[in-house]
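K.L.:
Okay, here's the prediction I keep looking at, along with the sequence it came from:
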Amino acid sequence: MSTNVADKKNPGKALPISKRSNRRMMFREIVKNRSLYIMLIPVILYFVLFQYKPMYGAIIAFKDFNPFVGVWDSKWVGFKHFEQFFESYYFWRILRNTILISLYQLIFAFPAAIILALLLNEVRSMVFKKVVQSISYLPHFISLVVVCGMIIDFLQPDGIINRMLLSVGLIEQPINFLIQSQWFRTIFVGSGIWQGVGWSSIIFLAALAGINPSLYEAAVVDGAGRWKQMWHITLPGLMPTIVILLIINIGNFMVVGFDKIILLYNPSTYETADVIGSFVFRRGIVEANYSFTAAVGLFNSVINFALLIIVNQIARKKAEASLW
Amino acid sequence: MKAKRSSKLFLIISLMFVMVITACSNNNGGNNAPAAPATNAPSNNTPANNNGTNAAAPEELTLPITEETTQLDMWLLGDPMFRGASYNEKPSFATMQERTNIEINWVMGSGANGPEAFNLLMASGQIPDMVLYTAMITEGPKYGQQGAFAPLTDYINQYAPNFKRILDENPDVRRLITSADGEIYHFPNLNLDEYLMVQMFPQIRQDWLEKLSLEEPKTTEDWYNVLKAFKEQDPNGNGQSDEIPFVSVNLQTMFKIFGPAFGTDWEFYLDNGQVKFGPIEPEYKEAIGYLNKLYSEQLIDPNYLVDTEFKFLTEKVTNDRAGAWIGWAGSYMRSFTDLMADHPSFEIVGTEPPAGPNGDQRFAFHAWPVTNLGIAISAQSDNIVEAVKWLDFQYSEEGIMLNNFGVEGVSYEVVDGYPTFNDAVFNNPDGLSATESLLAYTIGGGQWATVQDPRYAEQYDIEAAIEAKNKVSPFVDYDVSLPPFTFSTEQNDIITPILADIRTYRDEFANAMVMGNRPVDDFDSFVEQIKGMGIDRVLEVYQEAYDNYMSVE
């Protein structure tokens, strides 16, 4: 360990003369702000214990993991599990489904929260605004299992949605939504909006509150209507928040919540519903094939990481807002 | 200046990271190092090696097993129907503790997600002394060969006289629990009486049949006609065509009943000692075609893929909409009859498996003398001998009675030599069902490593169920059903990934053809695809494993 410290020290050693005073200054700095640093400790511990330490386990992707000989003593197998995944009959299908569902979420669900926030911002009646907000938050607090139970109930052939469509005359025969694969993505993304739109709009509402009111006053003086105000003041004011959230979302692009998928899918909708997450769940937890699923997970993380960096670069150049 | 300071800060923080990470990984190494030899030790150091006695008869089991009270941990999935706080409250286990001087600490997994809970336990690498699991017949040998469970053959020869006697008298049992490497890794739940072999069987509304003057269906053609009549002639008499003639919670269950009528099976079966995979044989197409005909005329529950839970089936039966289904004697036949006690005519009859167009008639939903459930002993345990002795007690006459019936005078009396449940169980003062109330007294012969006593089921089954079981049991054919044998680790490595994809594909395609989303005539491309995915290799391995299984003496 001492070598480690020495290695890390060396690059910072560039200015030997100022080293001592620098160090003393930093020490003083730490003492002065000690309560802040103490508060930081749990956060650091959390990341070390629950985010960094488990990374060590990712090496089982290159091994035939056997829990009874431990991670280190399991046999090395190189890229066997990656090859198995790429050669799997379902590789392209789960990749396509993952990308499509993520893309639809990005296209439909992400702007929905912004639009809701903008609409709420224009509402004059505080009572009405609070009521709408409360109602739109509510689904977020319902357990996912219950939400999926409700979705299944609503979409039954004799459920509320079919009855509504029938009474309006849009369809003549009830549609059995849950066993027709062409409906799955619509149901998944649509119900996702219902679940999350209120909650995700909070952060945009907070950003809206931070826009300087004098800007609006000036715009009104200049004769701008509400539409123009939104276009020239509100949206640019929101832009940094939107870009940051977009980057974060894209960093999770390859992660589709498999729990909701497995609660809603069945063999007749695998075609459009089976994503990397649900595939990993079936192979890893149900069939106890840990090395294989670790390989799939690692593959997923690498893509996410690459996407995150690319989007961040683009954002820094084009929108002048970025994560780092 | 400010920038400099923050870069220093960053350096310090990253140093902290490095330090903690190295500390953690050092810890890891420390934990792993002793664990590895510990798991290997017991397998190299079996009692036979210690004592040199191998073929000699085991010593008789003497009670108590230990002088000082020994504590053993037992992991199991909790039964949600049990109302007490600990299983040690059950008089059967309390008596066992007195007799054997071994105290069990129950470690309960969540019963809702059995396989997940079990797999996570195994992945943790920390296994309690004993593990009870519902699929031990396959998982025991699998994890045993990986070193998680103790190999028991030598222990059984030396310390388990009662269990060894059963193995010697029933070569089938020994064959079924011997893993591919020739070892035994678990104590199974046993089912040695023919009456208990029949499990799920087709059940139909007798009163509906009578109302429409129909005979009990015997062939696939009869079934079609009866279900058609249920659909069209309003047997529940509410003026609406809301009957669901045949309710199922999945395709597999239906296929297990109707498939054999066409000479096929849902997955693997035997044809003169040769292992075959149903979905690639032409008979499969006929069976799928038949089910497709039923589905397209709405004779099968159109929602069977969505309503996959037992509660949906119960709801359809108790709403007087379901005409026929496949189910157990107890949880279906008995409890539906109880639930519908107020209905003027509700009556269920069990039928024999349908005969197909070529006269094939076979019952595929049967048990084996060894059921899937069993108890394995951790290879890390310090008390393997005590655990073996304690488990052997479960197969002694006393243990069998305790597990099946509870304690004499508390939950049963012996009337003319026949253990008869008393009112505490069958007329429970708190109004509990027999299943629920019995759980307060014992764990039940079917849920434990012991021998199931048919005299329990005989008392529990209603008249109609006893009749049905006797009707169905002549159609059990052990030469066609594939016994639940197991594979070596290498064999598992070959077949697991291939079968995982094939099963997903089969589930999708078979359902699509039954539901008419894909024409049944696509069957040939379906077969080709499965062959392309490597079914031949799987069949080779299965054949190898089956031959190996048959060669066990």
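P.N.:
Sure, I can see it.
K.L.:
so where's the chain shaky on pLDDT?
P.N.:
With no chain named, the answer covers chain A. Low-confidence segments of chain A (pLDDT under 70): A:1-19.
K.L.:
Wait, chain B was what I had in mind.
P.N.:
In the predicted model, chain B carries pLDDT under 70 at residues B:1-58, B:110-112.
K.L.:
What are the structural domain limits within it?
P.N.:
B:70-195+B:368-452, B:201-365+B:479-485 (automatic domain parsing).
K.L.:
give me the number of residues near residue 244?
P.N.:
Going with chain A. 18 (other CB atoms under 10 Å in any protein chain shown). All C-beta spots, glycine's among them, are computed from the backbone N, C-alpha and C.
K.L.:
please go with chain B instead
P.N.:
Residue B:244 has 26 nearby residues by other CB under 10 Å.
K.L.:
how about it, what does it touch?
P.N.:
Residue B:244 sits next to B:301, B:316, B:321-323 when contact means CB atoms under 8 Å, 6 or more residues apart in numbering or on different chains.
K.L.:
out of those residues, which are inside strands?
P.N.:
Among the contacts of residue B:244, the ones falling in strands (DSSP state E) are B:322-323.
K.L.:
among the contacts of residue B:244, which are in reach of chain A?
P.N.:
Near chain A, judged by CB under 8 Å from any CB of the partner chain, there are no entries from the contacts of residue B:244.
K.L.:
can the contacts of residue B:244 go into CSV with extra columns for distance to residue B:431 and neighbour count?
P.N.:
Shown next, in CSV, are these (distance: CB to CB, whole Å; neighbours: other CB atoms under 10 Å in any protein chain shown):
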residue, distance to residue B:431, neighbour count
B:301, 32, 23
B:316, 25, 19
B:321, 27, 18
B:322, 26, 26
B:323, 30, 25
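K.L.:
Looking at the contacts of residue B:244, spot the one nearest residue A:127.
P.N.:
residue B:316 (45.7 Å; CB to CB).
K.L.:
how much space is there between the closest one and chain A?
P.N.:
Distance of residue B:316 to chain A, computed by CB to the nearest CB, to the nearest Å: 13 Å.
K.L.:
Up against chain B, what does the stretch 51-200 of chain A have?
P.N.:
So the stretch 51-200 of chain A meets chain B at A:52-53, A:56, A:64, A:66-73, A:84, A:88-90, A:152, A:156-157, A:176, A:178-179 (CB under 8 Å from any CB).
K.L.:
how about stretch B:183-197, does it get close to chain A?
P.N.:
No: applying CB under 8 Å from any CB, one finds stretch B:183-197 out of contact with chain A, separated by at least 13.0 Å.
K.L.:
mind checking the end-to-end distance for that stretch?
P.N.:
End-to-end distance for stretch B:183-197: 26 Å, by CA to CA, to the nearest Å.
K.L.:
Centre of the chain to it, how far?
P.N.:
In terms of CA atoms, centre = their mean, to the nearest Å, the centre of stretch B:183-197 is found 12 Å from the chain centre.
K.L.:
same question, stretch A:157-167
P.N.:
From the chain centre to the centre of stretch A:157-167 is a distance of 33 Å (CA atoms, centre = their mean).
K.L.:
Over to stretch A:285-301?
P.N.:
Centre-to-centre, stretch A:285-301 and its host chain are 20 Å apart (CA atoms, centre = their mean).
K.L.:
What residues sit buried inside that stretch?
P.N.:
A:285, A:287-300 (16 or more other CB atoms under 10 Å in any protein chain shown).
K.L.:
what residues are up against residue B:352?
P.N.:
B:218, B:361, B:363, B:471-472, B:475.
K.L.:
Could you do residue B:372 as well?
P.N.:
B:134-138, B:189, B:484.
K.L.:
Correct me if wrong, but it is in a strand.
P.N.:
Yes: counting by DSSP: H, G, I helix; E, B strand; the rest coil, residue B:372 is part of a strand.
K.L.:
Quickly note the distance from it to residue B:329.
P.N.:
Here residue B:372 is placed at a distance of 18 Å from residue B:329 (CB to CB, to the nearest Å).
K.L.:
What of residue B:262?
P.N.:
26 Å.
K.L.:
who has more neighbours, these two?
P.N.:
residue B:262 (25 against 22).
K.L.:
Wait, that one touches residue B:361, no?
P.N.:
No: contact between residue B:262 and residue B:361 fails when scored by CB atoms under 8 Å: they sit 10.7 Å apart.
K.L.:
What residues of stretch B:261-280 count as buried?
P.N.:
B:261-270, B:275-280.
K.L.:
One more: stretch B:448-462?
P.N.:
So, applying 16+ other CB under 10 Å, buried residues of stretch B:448-462: B:448-457, B:459-461.
K.L.:
just stretch A:48-57 next, same as before
P.N.:
For stretch A:48-57, by 16+ other CB under 10 Å, it's A:48, A:53.
K.L.:
next one: stretch A:259-275
P.N.:
A:260-262, A:264-275.
K.L.:
okay, how far is it across it, tip to tip?
P.N.:
11 Å.
K.L.:
Please state the offset of that stretch from the chain centre?
P.N.:
Counting by CA atoms, centre = their mean, stretch A:259-275 is centred 20 Å from the centre of its parent chain.
K.L.:
and what of stretch B:143-154?
P.N.:
21 Å.
K.L.:
Give the full set of residues in contact with residue B:160.
P.N.:
Residue B:160 makes contact with B:58, B:61, B:388-389, B:391-392, B:395, according to CB under 8 Å, 6+ apart.
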